[in-house]
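>>> Next input, structure requested:
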Amino acid sequence: MNLTLDNPAAVAAPFGDRFAHVARLDVGGGALLFLAGQVAVDDDGAVVAPGDAGAQSERIFEIIEGVLAAQGAGFADVAHIRTFMTSLDDLPAYGAVRRKHFPVEPGQTPPASTTVEVSRLFLPGAVLEVEITAVVRS
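This is a model prediction of the structure:
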């Protein structure tokens, strides 16, 4: 096994050097990707659309897509999604964006999922945070 911590050049580093976007664990002929919790920030670290779950969802999945692509993966490779929301009332807005990236077609099963309501997130104005576990296939 080999562990690599990475901030892909194609995606702005999260808050400078505070943490890595992704931990990659190479095993056998593939790899497991553990994406850090992503919040909707612009390239300068400012919260995008404070309080707007739909707009923040769009930005978060844009960041996730870039991180996955830099590791040779995509949304089809996602095994688990963990979402932290400050209000479950925002679930419909988040769900609408999520379904764009994980459409449920007949015969398909979406990734495993956990959604948790939390009192607040670490950035004022951020209303959701999304973690991803994915597989890079050999």
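>>> For the nearest residue to Gly29 once chain neighbours are set aside, give me its contacts.
Spatial nearest neighbour of Gly29, chain neighbours left out: Ser138 (3.1 Å); criterion: Cβ to Cβ, 6 or more residues apart in numbering. Where you see a C-beta, it was placed from the backbone N, CA and C, and this is true even at glycine. Shown in contact with Ser138 (Cβ atoms under 8 Å, 6 or more residues apart in numbering): 28-30.
>>> Now restrict those residues to buried residues only.
Among the contacts of Ser138, none scores as buried (criterion: 16 or more other Cβ atoms under 10 Å).
>>> taking the residues you listed one by one, which sit in strands?
Members of these lying in strands (criterion: DSSP state E): Gly30.
>>> on that earlier part again, from Leu32, how far out is the residue nearest to Gly29?
Distance of Ser138 to Leu32, given as Cβ to Cβ, to the nearest Å: 12 Å.
>>> And the strands in the protein?
2-6, 22-27, 30-38, 78-85, 112-117, 128-136.
>>> For Ser57, find the nearest of these.
For the strands of the chain, the distance to Ser57 is smallest for strand 128-136, at 6.7 Å, taking Cβ to Cβ.
>>> Tell me what angle the closest one forms with strand 22-27.
On the basis of axes from the mean of the first three to the mean of the last three Cα atoms, to 10 degrees, strand 128-136 is oriented at 20 degrees to strand 22-27.
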